[in-house]
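**Student:** sequence and predicted model, in that order:
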Amino acid sequence: MVSGAPGIGKSALAQHVARQVGDAFPAGRLLVRMTRADGEPRTADEVAAALADALGATGEGRALLILDDVVDADQVRPLLTPGGPPGTGPGLAVVVTSRMGLGGLIATHGGWVQRLTAFTEAESYGLLLAALGAERVEAEPEAAHRLTAVCGHFPAALRILTARLLTRPGLRLADAVDWLGDDPLARLTLTDSPGHSVTGLFDRALDRLDPRLSQAFTHLAQGPPELLADGGPEHEGPVPEAVREQLADAGLLEDGPPGPYRIHGLLRAHVRRTARIRDRRTEKV
């Protein structure tokens, strides 16, 4: 299973690994989106019916199934148990990607977990090299490192940035730093595809939360980036540990006890901005 925050690269990693090990699965590789285009989860029965048709059309031998963006354990558990869709037996290997930790699924069905976090500085620089080419990046290495820092070494932000820079081959990276740094949340978007934006990604992730958790997360975002287990904004009461653990399990808080929880800088800035906009609108009513 591959888990982690929205936009952290779970689907990309799962598909990359699937290509790397393709020779071990002569019956092919099958990617199943577990949510619809509007973000609503597909039911287990709906996915099972689609799988039965798809797996019936695969060749002989072992197949690899990627269940992408699983919402909760109940959505996927019927697909992994005896009596599931035809073909989902011993001859099928399964990779699950999810924003959730899905500890209950691991407890009942076993498996290995890869929890993704933001890139290191070196990994971010490597992504720029691969996407933009060594000639462009190595001509301005300091500016390249500053760009990755403005993006918070967050994979989705870096991919949006490199896509924009590829469409502007004459733009100096130093100029891009100044432009992006003025308002990274607004500018980490693709103008011809507004759905591909950091703010849209975060909004869709927060919309999935139970309102109680969303309120608690907004509360935590008003405090410092690092949150002690019993801390929170000084003028308000602490958020219970159980709620923090649910937010961490949803990929919105990093780490946690015995160390502090952390909120990624871009996500924290987005939540704080959204709260300010909402408060201004409330004042005008």
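**Tutor:** Arrived safely, thanks for sending. Residues are numbered from 1 along each chain as shown.
**Student:** after the host helix or strand of residue 179, next one along is what?
**Tutor:** In this structure, residue 179 is located in helix 173-182 according to DSSP states H and E. The first helix or strand that comes after helix 173-182 along the chain, using DSSP H and E, is helix 184-187.
**Student:** what's the following helix or strand after that next one?
**Tutor:** Moving toward the C-terminus from helix 184-187, the first helix or strand encountered (DSSP H and E) is strand 189-190.
**Student:** neighbouring contacts of the next helix or strand after that following strand?
**Tutor:** Remark: after strand 189-190, the chain's next helix or strand is strand 193-197, criterion DSSP H and E. Contacting residues not belonging to strand 193-197 are listed as 160, 163, 188-190, 200 [CB atoms under 8 Å, 6 or more residues apart in numbering]. From N, CA and C alone the C-beta is placed, and that goes for glycine too.
**Student:** same for the helix or strand bottoming out on mean pLDDT in the chain, what does it pack against?
**Tutor:** When each helix and strand of the chain is scored by mean pLDDT, DSSP states H and E, strand 226-227 comes last, with a mean of 77. The contact analysis (3 or more CB pairs under 8 Å, 6 or more residues apart in numbering; DSSP states H and E) places strand 226-227 against strand 261-262.
**Student:** can I get stretch 44-61 in CSV, CA atoms only?
**Tutor:** In CSV, the C-alpha atoms belonging to stretch 44-61 read as follows (Å, rounded to 0.1, in the frame of the first residue of the first chain):
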residue,chain,number,x,y,z
ALA,A,44,-17.3,-1.8,-3.8
ASP,A,45,-20.0,-3.5,-5.9
GLU,A,46,-19.5,-1.1,-8.8
VAL,A,47,-15.8,-1.7,-8.8
ALA,A,48,-16.2,-5.5,-8.4
ALA,A,49,-18.5,-5.6,-11.5
ALA,A,50,-15.9,-3.5,-13.5
LEU,A,51,-13.1,-5.8,-12.3
ALA,A,52,-14.9,-9.0,-13.3
ASP,A,53,-15.2,-7.7,-16.9
ALA,A,54,-11.7,-6.4,-17.1
LEU,A,55,-10.0,-9.4,-15.5
GLY,A,56,-12.0,-11.7,-17.7
ALA,A,57,-10.3,-10.1,-20.7
THR,A,58,-6.7,-10.4,-19.5
GLY,A,59,-4.4,-13.0,-20.7
GLU,A,60,-3.1,-16.1,-18.9
GLY,A,61,-0.8,-15.8,-15.9
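**Student:** now do the buried residues in it.
**Tutor:** Of all the residues in stretch 44-61, those buried under the rule 16 or more other CB atoms under 10 Å are 44, 47-48, 51, 54-55, 58.
**Student:** equivalent analysis for stretch 212-226, please.
**Tutor:** Of the residues in stretch 212-226, those buried by neighbour count under the rule 16+ other CB under 10 Å are 213-214, 216-217, 219-221, 223.
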